[in-house]
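Peer 1: for reference, the sequence and a predicted model appear below.
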Amino acid sequence: MKRERIFYLDFIRALAVILILLTHYNALFLYMEPQPLDKVVVTYKICNLYIGDFGVSLFFIISGAALMYVYENKLELLTFYKKRFVSIYPMFWIAYVIAFVIQKVIYHVDFSAVPRKNFILTLLGFDGYYSGVMPTFYIIGEWFLGAIILIYVLFPILRWGVNKHPVACGGLLFLFYLLALVCYNTQLSKAELIAVRIPEFYFGMMYIKYIKKTNWKVALAALVVLGVNTVIAPTFDSNIQTTYVGIMAFLLLTFISQFVNCAVVRKICKFFSKYCYPIFLIHHFIIYKITDKVDFYSISKWENYGVFAICVAAILVSSILLYYLEAVIKSGAARVRKKVSGAAKVDI
């Protein structure tokens, strides 16, 4: 039986999607020299964190919460992994083929310097995850895709820990987290390490299992932590700040969600939740293609907001098209399999 949707998960997911759109648009200005920070849309920092770190932290937490909500009471391994595979790879492959053709045919991008054997990383969705370590055929999806796939692989073990030994499992994960931050030396950014991101995912699972609702006292405490982090602006490891700021923000937002739970907001949040994955896959590709010829030094702040609006519109339309293209392809593939299966039975 299908479980009832939890509004605050849709609410936070929609907010995280918006934050990620802002992240990759505003990143344009952070990499320019000199930096035209007056053109930044809304902001590029929240609670002393880079807006991208803030948004990604929320994504990890709601991913853990959503999976725990669905699989808290029952999990069949083969069914779980099959559903994860079907929910991730077909759309990723479709989007990648389209983006690859655009890169080759329109922009004449040369991938000859990338070893062909590295295409296996693209097939598996890890080209973005390892793009900073080795040459890859990375175009869409980013490092988050590879990280969340790895965490999905570990989810059954994490679920067992949450259900059977929540404190011991949490303590062990926290130990791995500290070791990764202090001791681990890798070409990967520490923000991309699974050991650094699992505590956020695990917290989301724990919230669904044992907390379920944020009261005003917890929300107030979370607000204080976020406010102090904003005002004091500590300079210690941003990965540590990301972990506790993301968790505090999640707690505060779950509390706030009950006050904005109306028909209009539910529809908006449901829309962003429905198209969250295609938006994630293609948003930065579209942003960079649209803004490639824009002279941001010469346009006004409001013209810049107009460019951002065009990017968002193009992303939403493209994401909807990608969503339904995948549905059509899946439907066609299912019909072909049915015919082949029927023909095989007749031959037998």
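Peer 2: Perfect, thanks for sending it.
Peer 1: where do the strands sit along this structure?
Peer 2: Along the chain, the stretches classed as strands by DSSP state E are 45-46, 49-50.
Peer 1: want to throw those strands into a markdown table with distance to Asn239?
Peer 2: The way it works is simple: take the backbone N, C-alpha and C, and place the C-beta from them, glycine included. Output for these, formatted as a markdown table (distance: least, Cβ to Cβ, whole Å):
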| stretch | distance to Asn239 |
| --- | --- |
| strand 45-46 | 16 |
| strand 49-50 | 10 |
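Peer 1: can you pull the contacts of the closest residue to Ala66 other than its chain neighbours?
Peer 2: Distances taken as Cβ to Cβ, 6 or more residues apart in numbering put Leu9 closest to Ala66, at 5.6 Å, once the chain neighbours are dropped. Going by Cβ atoms under 8 Å, 6 or more residues apart in numbering, Leu9 touches Ile62, Ala65, Ala66, Tyr69, Ser273.
Peer 1: can you tell me how far Leu9 is from Lys190?
Peer 2: 27 Å (Cβ to Cβ, to the nearest Å).
Peer 1: swap in Ser63?
Peer 2: 20 Å.
Peer 1: same drill for the two, tell me which one is more crowded.
Peer 2: Comparing Ser63 with Lys190 by other Cβ atoms under 10 Å, the one with more neighbours is Ser63, at 23 against 17.
Peer 1: was I right to think the more buried one contacts Gly204?
Peer 2: Yes - using Cβ atoms under 8 Å, Ser63 is in contact with Gly204, at 6.6 Å.
Peer 1: from the contacts of Leu9, which is closest to Arg197?
Peer 2: Ile62 (13.1 Å; Cβ to Cβ).
Peer 1: so the closest one touches Ile12, yeah?
Peer 2: Yes - at 5.3 Å, Ile62 and Ile12 qualify as touching, with contact defined as Cβ under 8 Å.
Peer 1: what sits in contact with each of these two?
Peer 2: Phe250.
Peer 1: what about these two, which has more around it?
Peer 2: Taking other Cβ under 10 Å, Ile62 and Ile12 do not tie; Ile62 has more neighbours (29 against 25).
Peer 1: so for the more buried one, what's the pLDDT?
Peer 2: We have a pLDDT of 97 for Ile62.
Peer 1: what residues are up against it?
Peer 2: By Cβ under 8 Å, 6+ apart, the neighbours of Ile62 are Leu9, Ile12, Arg13, Ala16, Gly204, Phe250.
Peer 1: low-confidence ranges, this structure, go.
Peer 2: Filtered on pLDDT under 70, the chain yields the residue ranges 1-2, 342-348.
Peer 1: which stretches of it form helices?
Peer 2: Taking DSSP state H, the helices of the chain run over residues 7-30, 51-71, 77-101, 119-124, 142-164, 166-182, 194-206, 216-232, 238-257, 263-274, 276-291, 301-347.
Peer 1: how about those in JSON lines, adding distance to Pro36?
Peer 2: Listed next are the helices of the chain as JSON lines, based on distance: least, Cβ to Cβ, whole Å:
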{"stretch": "helix 7-30", "distance to Pro36": "5"}
{"stretch": "helix 51-71", "distance to Pro36": "17"}
{"stretch": "helix 77-101", "distance to Pro36": "28"}
{"stretch": "helix 119-124", "distance to Pro36": "34"}
{"stretch": "helix 142-164", "distance to Pro36": "24"}
{"stretch": "helix 166-182", "distance to Pro36": "33"}
{"stretch": "helix 194-206", "distance to Pro36": "32"}
{"stretch": "helix 216-232", "distance to Pro36": "24"}
{"stretch": "helix 238-257", "distance to Pro36": "23"}
{"stretch": "helix 263-274", "distance to Pro36": "29"}
{"stretch": "helix 276-291", "distance to Pro36": "13"}
{"stretch": "helix 301-347", "distance to Pro36": "9"}
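Peer 1: nearest to Gly132, of these?
Peer 2: helix 142-164 (7.7 Å).
Peer 1: now that closest one - C-alpha only, PDB.
Peer 2: Listed next in PDB are the C-alpha coordinates belonging to helix 142-164 (Å, rounded to 0.1, in the frame of the first residue of the first chain):
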ATOM      1  CA  GLU A 142      27.600  16.200 -10.800                       C
ATOM      2  CA  TRP A 143      29.500  14.600  -7.900                       C
ATOM      3  CA  PHE A 144      26.300  14.200  -5.800                       C
ATOM      4  CA  LEU A 145      25.000  11.500  -8.100                       C
ATOM      5  CA  GLY A 146      28.000   9.200  -7.400                       C
ATOM      6  CA  ALA A 147      27.900   9.900  -3.700                       C
ATOM      7  CA  ILE A 148      24.200   9.200  -3.300                       C
ATOM      8  CA  ILE A 149      24.500   6.000  -5.400                       C
ATOM      9  CA  LEU A 150      27.200   4.800  -2.900                       C
ATOM     10  CA  ILE A 151      25.000   5.600   0.000                       C
ATOM     11  CA  TYR A 152      22.000   3.800  -1.600                       C
ATOM     12  CA  VAL A 153      24.200   0.700  -1.800                       C
ATOM     13  CA  LEU A 154      24.800   1.000   2.000                       C
ATOM     14  CA  PHE A 155      21.200   1.900   2.900                       C
ATOM     15  CA  PRO A 156      20.200  -1.600   3.900                       C
ATOM     16  CA  ILE A 157      23.000  -1.700   6.400                       C
ATOM     17  CA  LEU A 158      22.200   1.800   7.700                       C
ATOM     18  CA  ARG A 159      18.500   0.800   8.000                       C
ATOM     19  CA  TRP A 160      19.500  -2.200  10.100                       C
ATOM     20  CA  GLY A 161      21.500   0.100  12.300                       C
ATOM     21  CA  VAL A 162      18.700   2.600  12.700                       C
ATOM     22  CA  ASN A 163      16.200  -0.200  13.500                       C
ATOM     23  CA  LYS A 164      18.300  -2.400  15.700                       C
END
